[in-house]
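[1] Pasted the sequence and its predicted model underneath.
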Amino acid sequence: MSGFLDIGAVADIPRQAARLVKTHAGCIAIFRNAEDRIFALDDTCPHKGGPLSNGIQHGESVTCPLHGWVFDLNTGVALGADEGAVRTYSVMVKDGRILLDPTALTARIAAE
Amino acid sequence: MGMKLVVIGAGMASGRAMEHLLEANNELYDITLFGAEPRGNYNRIMLSPVLSGEKSYEEIVTHDADWYRANGVDCRFGEMVTGIDRWKKVVITAKGETRYDKLLIATGSNPFIIPVPGRDLDGVMAYRDLGDVNRMLGYAGREGAKAVVIGGGLLGLEAAAGLAAQGVSVTVVHVMPHLMERQLDQSAGFLLQRELERRGITVLCNANTQEIVGDGHVEAVLLADGTRIEADFLVMAVGIRPNFGLAQASGLKYNRGLLVNDEMKTEDPEVFAIGECVEHRGTCYGLVAPLYDMAKVAARNLLGFKEVFEPVEISTKLKVTGCDLFSAGDFAEKPGREEIVYRDATRGIYKRLVIEDNKIIGAVMYGDTVDGGWFLQKMRAKEDIAGIRDTLIFGPNFAGGLPADPMAAVAALPLEAEICGCNGICKGAIIAAIDAGAGTLELVKARTKASTSCGSCAGLVEKVVALKLGDAFKLLAAGMCKCTDLTHDEVRKLIRVKELRTIPAVMQELEWKSSHGCASCRPALNYYMICEWPGEYVDHGPSRFINERVHANIQKDGTYSVVPRMWGGVTNAKELRAIADVADKFRVPTVKVTGGQRIDLLGIKKDDLPAVWADLNAAGMVSGAAYAKGLRTVKTCVGTDHCRFGVQDSTGLGIRIEKALWGAWSPHKFKMAVSGCPRNCAEATCKDMGVVCVSEGYQLHVGGAAGMDVKQTELLCVVASEDEAVEYCAAFYQLYRENAQYLHRPYKWIAKVGLDWVKEKVVLDAESRTALAARFFFSQKFYQIDPWEERTKGKDAHEFAPLADLTLVAAE
């Protein structure tokens, strides 16, 4: 737990919006939904690389701005007929700060 | 406990048979359904729009899990049936045996794979199911993907067009001399080929595939004449073969397909078969209409009635957006046959009727197919056409001396005229359904199945329903989205009446079925709020599409394009210099002149947008709103300033109008133009609103379009002065803003409310016009603010900067 990275405040992301965290292994999109839940997913749509952080959020899913694929924010899996998924990262909120688990990140950098 | 009905194959034919069966009696049978695909019944005909990206899989699902559950169908999807034991009356799978009282075989067909070397390579696929479509899309997503489609028939061309729409470079290899030779003659085949080539598809006819080459994965196709075509993947769409191996192994009689009698029974009276796997009186079928007829006959016979399958003349349409073709009957040239041909080379229209003994026996049409149904009906009725032969080719409007009004044309159709070819639904069946209580378009579709297959007749069905229901029809349109059953119009009315001033208030008061709406209703509601409560409602960014949130246009690689406004298409050295400087400073990869008389800077990184805007603002330029559902451009010609023909100052008026109308949001984008004389160089008569200057004043035109649909404007009125022109434009725009459904362009809205109503509100009723213009200009006080300038000063900063940048932290 001590290894979690503080990446910003919940208040830095408007409700139903998303912002990016830039990493050496690409961008991670941090979503805040209407109920203030925080989700972290790879920003790049597996279909044609659309930036998911730019999509419209609804409930616990997001619609890619390029061709309308919809992803479950909890699992990163494409909904409906589309087949594909983006990686998700574990995040937690403590005292209004968003903490990101860097293990998946380092594992990913090592793998690439 | 009912009798056991086992169905093998979860396709369109068996799905339809089960519908008929369950609607008539849902207690007679316990149904077990086996399907090879890991999903239920979907509308296979609509795979092409899924491939091209025009539809999603959800939109083409016929039976979802709820339907199967509600009807008590035991679904065994993905479980392969390996045998049928007709003596024990069981079907066999890896999990054991399932007993049946009646068996329905609907195993469909298999794609035919031509026996050339290399057909087993990876990257060679057929085009039959959703799995194939997903595979193709997987390849299509790669940069610069190249595909070869073998087969220039219906299926192959739909695959080619879909892939081309996805940006794939496609070559069609067809062994016959022209495309779709089973449905089209040479001339129509040529027009089709030309249209496909215009879309960037390469078409090779008379082309014989010799070998597919590649090391493990397809790399190229070799033709008999030595041509080599590079390919990242290859789609084989040369035809289908009935799939009846299971039935064959169980000892049932077969020829080209599994043999069935008129009652859709095989030689075993307990075993029925329908669909593409069967052969009936020597014919195998691949189009949906006869398969649906078979499904109905099988269902009726399973219910204990005695009904026979009677094949009828069928027609074909190609489901490629923008390629209108129609084909029915026999159109080969033979002694004793005559033909009537109509050609319009400029418009790419070709119509040919083949006549024998004064009866139509075949019809091929390309480019304009609206009369197809009328000809088909005459063909089926074997009507003697000697009396109307001279004008026959011009269709029913001419024959009856009727105006070219689509509603009148539909009204003139006899009751037996076919409306939905796929489902064999005639006009009379739709009228009968309405008489029996189907009071909405949705109910009519649900009860008759009209327009539920390929969907190309949806407009026609709607017209028949609208005619029959009259004024009641508008009130009974479909709900806005899955979140509510209320229509757009109802929601807007309730927002006004109940004074709902926020999106959550609308959702609460109007009992939204989802907690926070969806990607479809939220942008619409956000617009309705903006329009209804100017100055009061706070725009909700997360309910807007990204382009309107960051005031630039997202491109395929996630970069943005930036278009500054050039009032009336006029610019100067200072602006051009500033644009050039921005292009240098931000290394803009592409600078392009747009169709709307301005300059587009493409390939700008999102993070750079505020800095780009600051530089453009400094030169006096504001956002061109090239991304907005709002005023885009006012295109002008040079009018009296320079032109020797101009009769009014079109440039000046265009700039005045643009300065009056910019900034407002509307249901959809709004494009304008002002032409200085009737030569109309600014192309004002295909815009949402256009002004054409004449010597006595200004003609105001409305409701044009030049996109997916091309429509000429209609004349609203003629005014004498520039001041009036500006006022009328504002009033018309406001009427559109207040009344049109979100995402409807003016032409669609006018088609719904009627031009006369618009004239009444904007032209005839001066009080109404003044009030509309006043409301518009009041609202403009809040919306004529340059969004770029606001953002260079820090508004919505969260959109343009990352939350955190871990690349700055030293890697561990």
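    Good, I have the coordinates.
[2] residues contacting whichever residue of chain A sits closest to chain B?
    Here the residue of chain A nearest chain B is A:A81; by CB to the nearest CB that distance is 2.3 Å. Where C-beta positions appear, they are placed from N, C-alpha and C, glycine not excepted. Contacts for A:A81 (CB atoms under 8 Å, 6 or more residues apart in numbering or on different chains) come out as B:V50, B:S56, B:Y57, B:E58, B:L130, B:N134.
[3] Next, give me the two most distant ones among those.
    Taking CB to CB as the measure, these reach their widest spread between B:E58 and B:N134, a distance of 14.2 Å.
[4] Look up which helix or strand A:I30 falls in, please.
    Using DSSP states H and E, A:I30 sits in strand A:26-32.
[5] helix or strand right after that strand?
    strand A:38-42.
[6] So that next one, near chain B or not?
    No: counting by CB under 8 Å from any CB of the partner chain, chain B has no neighbours in strand A:38-42; the shortest distance is 10.3 Å.
[7] For the residue in the stretch 451-600 of chain B that chain A sits nearest to, the count of nearby residues, please.
    Nearest residue of the stretch 451-600 of chain B to chain A, counting by CB to the nearest CB: B:P542, 3.5 Å away. B:P542 has 20 neighbours, counted by other CB atoms under 10 Å in any protein chain shown.
[8] Quick check, it in contact with A:R15.
    Yes: B:P542 is within contact range of A:R15, at 7.0 Å (criterion: CB atoms under 8 Å).
[9] just to revisit the earlier point, count the neighbours of the spatially closest residue to the residue of the stretch 451-600 of chain B closest to chain A that is not a sequence neighbour for me.
    Among residues not flanking B:P542 along the chain, A:Q16 sits closest, at 3.5 Å (CB to CB, 6 or more residues apart in numbering or on different chains). For A:Q16, the neighbour count with other CB under 10 Å is 22.
[10] Same check on B:E532?
    The number of residues near B:E532, taken as other CB under 10 Å, comes to 18.
[11] Look at the nearest residue to it once chain neighbours are set aside and say how many residues are nearby.
    Leaving aside its sequence neighbours, B:E532 sits nearest to B:I495 (CB to CB, 6+ apart; 5.7 Å). For B:I495, the count of nearby residues is 21 (other CB under 10 Å).
[12] Any stretches of the chain with poor pLDDT?
    No chain in the question, so chain A it is. Along chain A, segments meeting pLDDT under 70 span A:1-2, A:107-112.
[13] my bad, the chain I had in mind was chain B
    B:1, B:317-322, B:345-346, B:397-406, B:454-456, B:471-478, B:809-812.
[14] Quick check, the residue in it closest to chain A?
    B:Y57 (2.3 Å).
[15] That residue contacts A:G80, correct?
    Yes: with contact defined as CB under 8 Å, B:Y57 reaches A:G80; the gap is 5.5 Å.
[16] Mind checking which of those two has more residues around it?
    Neighbours per residue, other CB under 10 Å: of B:Y57 and A:G80, the larger number sits with B:Y57, 18 against 13.
[17] Quick one: the helices in the stretch 351-500 of chain B, in order.
    B:372-381, B:395-399, B:406-412, B:427-435, B:441-448, B:458-469, B:472-475, B:488-497 (DSSP state H, counting those that start in this stretch).
[18] ditto for chain A
    Assigned by DSSP state H, chain A shows helices spanning A:103-111.
[19] Select from the contacts of A:A81 every entry located in helices.
    B:V50, B:L130, B:N134.
[20] For the second one, give its distance to B:A417.
    Read it as B:L130. 34 Å (CB to CB, to the nearest Å).
[21] List the residues that contact B:A446.
    Contacts of B:A446 by CB under 8 Å, 6+ apart are B:A438.
[22] buried residues in stretch B:512-529?
    B:512, B:516-529 (16 or more other CB atoms under 10 Å in any protein chain shown).
[23] Surely B:K463 and B:A408 touch.
    No: B:K463 lies out of contact with B:A408 (CB under 8 Å); the separation is 10.2 Å.
[24] more crowded one of those two?
    Shown here are B:K463 and B:A408; by other CB under 10 Å, B:K463 has more neighbours (19 against 14).
[25] Quick check: closest non-adjacent residue to the more buried one.
    Closest to B:K463 by CB to CB, 6+ apart is B:V410, at 4.4 Å.
[26] Which residues are in contact with the one you found?
    Counted by CB under 8 Å, 6+ apart, B:V410 has contacts B:L460, B:K463, B:V464, B:L467.
[27] Filter these down to the buried ones.
    Counted by 16+ other CB under 10 Å, the contacts of B:V410 give B:L460, B:K463, B:V464, B:L467 as buried.
[28] Those: which two are farthest apart?
    B:L460 and B:L467 (10.8 Å).
[29] does the residue lying closest to B:C518 once chain neighbours are set aside have beta-bridge partners, and which?
    Once flanking residues are discounted, B:C518 sits nearest to A:H58: 4.9 Å by CB to CB, 6+ apart. Beta-bridge partners recorded for A:H58 (DSSP bridges): A:S61.
[30] Correct me if wrong: A:H58 contacts B:S520.
    No: contact between A:H58 and B:S520 fails when scored by CB under 8 Å: they sit 9.0 Å apart.
[31] Okay, B:L392 and B:V354: tell me how far apart.
    From B:L392 to B:V354 the distance is 12 Å (CB to CB).
[32] overlap in contacts of the two?
    With CB under 8 Å, 6+ apart as the test, B:L392 and B:V354 both reach B:I360.
[33] hang on, the earlier thing: for the residue nearest to B:P542, give me its contacts.
    Here A:Q16 is in contact with A:R32, A:N33, A:A34, A:Q57, A:H58, B:H516, B:P542, B:S543 (CB under 8 Å, 6+ apart).
[34] Mind listing the residues bridging to the first one?
    When you say that, I think you mean A:R32. A:A17, A:I38.
[35] what about it, distance to B:E58?
    Counting by CB to CB, the gap from A:R32 to B:E58 is 27 Å.
[36] of those two, who's got more company?
    A:R32 (23 against 15).
[37] Could you tell me which residues of the stretch 101-250 of chain B lie near chain A?
    Counting by CB under 8 Å from any CB, the stretch 101-250 of chain B sits next to chain A at B:L130, B:N134, B:L137, B:G141.
[38] these two touch, right, the first one and B:N43?
    This points to B:L130. No: look at B:L130 against B:N43 with CB under 8 Å: they stay out of range, at 10.7 Å.
[39] Skipping adjacent residues, who's closest to B:D796 in space?
    B:G541 (6.5 Å).
[40] if I pick that neighbour, what's in contact with it?
    A:P14, A:A17, B:R549, B:D796, B:E799.
[41] same check, this time on B:G2
    B:E27, B:L28, B:Y29, B:D30.
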